[in-house]
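Visitor: How does the following fold in three dimensions:
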Amino acid sequence: MAASPGAAVPTKTEPRWGAFSYPNFRRFWFASLARVFALQFRIIGIPWLVGVELNLGPGWVGIVALSAALPTIALSVPAGQLADRLDNRRMIIWSNSVSGIFYLLLAVLIVFEIIDLWMVIAWSLITGALTALSMPAQQAILPQLIDMRSIASAVALNGLIWNSMRVIGPAIAGVVIAIVGIGQAFFVTTVGYALASVLLISLKLARPIPKADGDSGKMLDGARYIFRNRLFLAVIGLSFFTSVFGGSYQVLMVFFANEILGVGEVGFGLLEAAAGVGAILGTLSIIKFGAGNYRGFAILGGAAAFGISVTAFAVSTFMPLSMITLFSAGFASGIYLNVGMTALQLQVPDELRGRVMGIWSMTWFLSSVGGFVAGMIAELIGIQLTVALGGLSVTGFAVLLFILAAELRSLPTTDPIASTHSGAE
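Guide: Below is the predicted model:
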């Protein structure tokens, strides 16, 4: 049997350093680190650009977020089909490279003070489409980077990037924006994308995973698989619901920082960082202790705790308390997202991996749809009440799944070594 690319011949136990033992995964991981760090400047910068620099209300912030999310959502399933047919590495490289060019363009428009709202919306639509192209490929490429016995480690390490960057990135982005201006700060994003592309080009993938073709490559096969598998339907449905109703607070965070708490752009970064610290510790707890025989309870309990924490954040007007509630929300999400992703990666067939993970990836961006709706509702009933109702909805849905979804409640412990979807043959 041939070894997984960039790896030693697999043994019956996971390598000491997990997925990080594989050279290709290390290159991929550092490329993701550079890209995700750069993205923090967008997460901080775009709401600040629209809400503060252009002096527009929460509804417009929601519209801009929606304009980035819609192409990502609409193209996730077609992109998943492409990930099952094409070279995943090339898809990611092209998406990263072109995205870097558009971030450079945005920085120039802001620096020369010719930016307008319609430009921000058009830019968001284009970069959203580019994001859709790469997201399923980034999940589908994992079996080419590691042996599947290390998939739980790979999922957690990838999650650690996002969570750690939520600590480091927003704090740095807030300070940089405050010191040099928002336009200059976007140049950092361009550099991050360029570095990511260079690292991805250096990947040496010797073994392609099975690719779908002909009748086996139909675009909606991934959706059919999910709807026929109650466990997948429950996990992805929970991600869908928490993104739409619980994640909308992220879109409106700038107004909590600027109006409700009065802490400015640095405080905005600290609020994001508080959630990131919690998510890091939640992820590390899964890496260290795992979920054992309680994976279903970890997913449902984490989601319920996330909703309660978001509700508590919504009603807080005291900065330290707001940071504590966001820390709690981050910790809970770090647990249920990592456990849920691992469960899907272990059980999805290789030939459907791109399409199924494309649908899973799509749910991540639904928070922008929720943010758009929340922005409209906030104009009527206020920002705090809107976010609080969203958080309570997440908790209520998790409780409903606990009652109705026996497959998720009794999710068994799966031995990665026994998985038939091994990254080495």
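Visitor: Helix or strand for the spatially closest residue to residue 31 that is not a sequence neighbour, just tell me which one.
Guide: Closest residue in space to residue 31, ignoring its immediate chain neighbours: residue 199 at 3.7 Å, by Cβ to Cβ, 6 or more residues apart in numbering. Heads up, the C-betas are built off the backbone N, CA and C, glycines and all. For residue 199, the host element (DSSP states H and E) is helix 182-201.
Visitor: who does that helix touch, helix- and strand-wise?
Guide: helix 23-48, helix 88-111, helix 151-180 (3 or more Cβ pairs under 8 Å, 6 or more residues apart in numbering; DSSP states H and E).
Visitor: Using CSV, lay out those together with distance to residue 235, mean pLDDT and mean neighbour count.
Guide: CSV is the format used below for those (distance: least, Cβ to Cβ, whole Å; pLDDT from 0 to 100; neighbours: other Cβ atoms under 10 Å):
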stretch, distance to residue 235, mean pLDDT, mean neighbour count
helix 23-48, 22, 85, 23
helix 88-111, 23, 90, 20
helix 151-180, 13, 74, 22
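Visitor: For residue 188, find the nearest of those helices.
Guide: Residue 188 sits nearest to helix 23-48 of all those, at 5.5 Å, using Cβ to Cβ.
Visitor: The residue nearest to residue 31 reaches residue 30, doesn't it?
Guide: Yes. Taking Cβ atoms under 8 Å as the definition, residue 199 is a contact partner of residue 30 at 5.6 Å.
Visitor: What distance do you get for the residue nearest to residue 31 to residue 93?
Guide: Distance, residue 199 to residue 93, using Cβ to Cβ, to the nearest Å: 10 Å.
Visitor: Quick check: pLDDT value at residue 342.
Guide: Residue 342 carries a pLDDT value of 78.
Visitor: Packing partners of whichever strand or helix holds residue 300?
Guide: Using DSSP H and E, residue 300 sits within helix 295-315. On a contact count with 3+ Cβ pairs under 8 Å, 6+ apart, helix 295-315 meets helix 230-241, helix 248-251, helix 319-347, helix 383-404, helix 406-409.
Visitor: name the helices or strands packed onto the second one?
Guide: Taking 3+ Cβ pairs under 8 Å, 6+ apart as the contact definition, the neighbouring helices and strands of helix 248-251 are helix 58-85, helix 295-315, helix 366-381, helix 383-404.
Visitor: and the first one, which residues are buried?
Guide: The reference is to helix 58-85. For helix 58-85, the neighbour count (16 or more other Cβ atoms under 10 Å) marks 58, 60-73, 75-77, 79-84 as buried.
Visitor: Of the helices and strands packed on helix 295-315, flag the one that's most buried.
Guide: Most buried of the helices and strands packed on helix 295-315, by mean neighbour count (mean count of other Cβ atoms under 10 Å): helix 248-251, with a mean of 27.
Visitor: just for this structure, where's the confidence low?
Guide: Scanning the chain for pLDDT under 70 picks out the ranges 1-17, 163, 166-167, 169-171, 206-220, 288-293, 365, 368, 411-425.
Visitor: Distance check, the residue positioned nearest the centre of it against residue 188.
Guide: The centre of the chain sits closest to residue 364, judged by Cα atoms, centre = their mean, with a distance of 5.4 Å. From residue 364 across to residue 188, the span is 23 Å (Cβ to Cβ).
Visitor: now swap in residue 112 and tell me
Guide: Residue 112 is 18 Å from residue 188, where distance means Cβ to Cβ.
Visitor: Those two - which one has more neighbours?
Guide: The neighbour count for residue 112 versus residue 188, taken as other Cβ atoms under 10 Å, is higher for residue 188 (21 against 9).
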